[in-house]
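# Let me see the structure of the following:
(one chain, ligands or ions: 2)
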Amino acid sequence: MRLAIGSDHAGFPLKERLKSHLEGAGHEVQDGGTCSAETRVDFPDWAFKVSELVVSGKAERGILVCGSGIGMSIAANKVPGIYAALCHDIYGARLSRLHNNSNVLVLGGRVTGEDLALEILDTWMASPFLEDRYRVRLQKIQDYESRVSPGAAGPGKAGGLGRVLVIDHPLIQHKLGLVRDKNTSVKDFRELVQEIAGLMVYEVTRSLSLEEIEVHTPLGPTKAFSLSGKKMAVVPVLRAGLGMVEGILRLIPNAKVGHIGLYRDPHTLEPVEYYCKLPGDIEDRDIYVVDPMLATGGSAAAAIELVKRQGGKRISLVSLIAAPEGVERVRGQHPEVDIFTAALDSHLNDHGYIVPGLGDAGDRLFGTK
Ligand SMILES: O=P(O)(O)OC[C@H]1O[C@H](OP(=O)(O)OP(=O)(O)O)[C@H](O)[C@@H]1O
Ligand SMILES: O=c1cc[nH]c(=O)[nH]1
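Ligands and ions are numbered 1, 2, ... in the order given. Now for the predicted structure:
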């Protein structure tokens, strides 16, 4: 497994012991520091460094050590996507995985002896998460986290479970009010949908990783950041998803575009597939499936399934308005997918329309009613 480890000066001796134990067992360990017991350092620096390696996916799990373990666990748990467990015994280590899917183990170098620490570590490493049984509880924590810090973690985030993020930025909410209004013209509706989709991109892409580069300003060299090498694909679900594509491409112009043709049978409300063309290297891309309406979730779940069948792995769903029924269905079938939406509405009516929603998105975009 790819692991990240870190400590402050007080945890340094135990950290070194844990690291060689893990390497001896064949794990790949990134040592975030610190590198001496003599120089006093501040534990949050190491807690954040290791935690960020975990949420970015560069490490699958992390291990932190300070004197008591308390400071490290407080700091690590401030990082969205981190579920750090301070363990003093084997029972706690096991449960922190089985029940809580902890992705960072914290130990107290001055309170836990070396032999016990190694047993705790081995137990924690070997214990699986009992997802079927405890998913709902973990999801509640993730939902809370998503509400207070939307977009903090991205596809492939820690814990393996997708999140539902309601992007409640005032500009988005203002424009959403306009698209809901039945008196908004087709032209304005179309423009507003593109604008909202573009604004949502800021949150949807928040977790993209950056590379440090050097550039030369007119005044001299400086460090800067680049997204280079990041491959993305936008996959609209026809027809209405097309209404969001230009707005998204304005911000990520190098993304490739796939198309999935689905319509909802008006009687069964189940999706009927009629077209699918995705970029050939879809498996290497971060994929944004876009459709303004997530109603029963049948279309979105089927679209995601098609993307997966062609090799897509890192998939997010971006909708303007979602119904609870749709969210549940997508989550049930594709639990790892992040769902971004600008609104989570009340319910579906008897015809499968979102209430209050905005009506039929395709008809309003293309003026076909
Ligand atoms: O969550 P669901 O219950 O599947 O409903 C959502 C789907 O319904 C709408 O498409 P529609 O079938 O009306 O086709 P269109 O986009 O071609 O108008 C919408 O754009 C979604 O694709
Ligand atoms: O409310 C809804 C539901 C499905 N499709 C739409 O366009 N609107």
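# Which pLDDT does the model give the closest residue to ligand 1 within the stretch 51-200 of the chain?
Taking C-beta to the nearest ligand atom, ligand 1 has its nearest neighbour within the stretch 51-200 of the chain at Val193, 11.0 Å off. To be clear about C-beta, it is placed using only N, CA and C from the backbone, and glycine gets the same treatment. The model reports Val193 with a pLDDT of 98.
# ok, now Lys58?
For Lys58, pLDDT reads 88.
# helix or strand for it, which one?
Element membership of Lys58 [criterion: DSSP states H and E] is none; it lies in no helix or strand.
# Who are the contact partners of the nearest residue to Lys15 once chain neighbours are set aside?
In this structure, Lys15 finds its nearest non-sequential neighbour in Ser7, 3.6 Å apart by C-beta to C-beta, 6 or more residues apart in numbering. Contact partners of Ser7, counting by C-beta atoms under 8 Å, 6 or more residues apart in numbering, are 14-15, 33-34, 46, 64-66, 72, 109.
# Next: Phe340.
Counting by C-beta under 8 Å, 6+ apart, Phe340 makes contact with 151, 165, 167, 200, 203-204, 316-319.
# Strands - which of those land there?
In strands, judged by DSSP state E, the following of the contacts of Phe340 are found: 165, 316-319.
# Compare those and tell me which has the most neighbours.
When the ones in strands among the contacts of Phe340 are compared by neighbour count (other C-beta atoms under 10 Å), Ser319 ends up highest, at 32 neighbours.
# if we can go back for a sec, closest to ligand 2 among the contacts of Ser7?
Leu64 (46.2 Å).
# Contact partners for the closest one?
5-7, 11, 46-47, 50, 72-73, 76, 84, 104-107.
# Tell me if it really is in a strand.
Yes. Counting by DSSP: H, G, I helix; E, B strand; the rest coil, Leu64 is located in a strand.
# Quickly note the distance from it to Ile315.
31 Å (C-beta to C-beta, to the nearest Å).
# The residue of the chain at minimum distance from ligand 1 in helix, strand or coil?
Nearest residue of the chain to ligand 1: Gly362, at 2.3 Å (C-beta to the nearest ligand atom). Of the three states, Gly362 takes helix under three-state DSSP.
# Where does confidence bottom out across the ones in strands among the contacts of Phe340?
Ranked by pLDDT, the ones in strands among the contacts of Phe340 bottom out at Leu165 (86).
# which residues does it bridge with?
For Leu165, the beta-bridge partners under DSSP bridges are Phe340.
# which one of the contacts of Phe340 is nearest Val289?
Each of the contacts of Phe340 was scored against Val289 by C-beta to C-beta, and Leu317 proved nearest at 5.0 Å.
# Could you list the low-pLDDT ranges of this protein?
Within the chain, the stretches with pLDDT under 70 are 147, 149-161, 228-229.
# what about the residue of the stretch 101-250 of the chain found nearest ligand 2, which SS state?
Residue nearest to ligand 2 within the stretch 101-250 of the chain (C-beta to the nearest ligand atom): Ala240, separated by 5.9 Å. Under three-state DSSP, the three-state class of Ala240 is coil.
# Ramachandran coordinates for Val234?
Here is the backbone geometry of Val234 (degrees, to the nearest 10): phi -100, psi 130.
# same question, Asn349
phi -90, psi -170.
# Now do the contacts for the nearest residue to it once chain neighbours are set aside.
Excluding the flanking residues, the one nearest Asn349 by C-beta to C-beta, 6+ apart is Val355, at 5.3 Å. Contacts for Val355 were tallied using C-beta under 8 Å, 6+ apart; they are 323, 345-349.
# What strands line up against the host helix or strand of Leu107, and which way round?
Here Leu107 sits within strand 104-108, counting by DSSP H and E. Sheet pairing of strand 104-108 (DSSP bridges) gives strand 61-66 (parallel), strand 84-86 (parallel).
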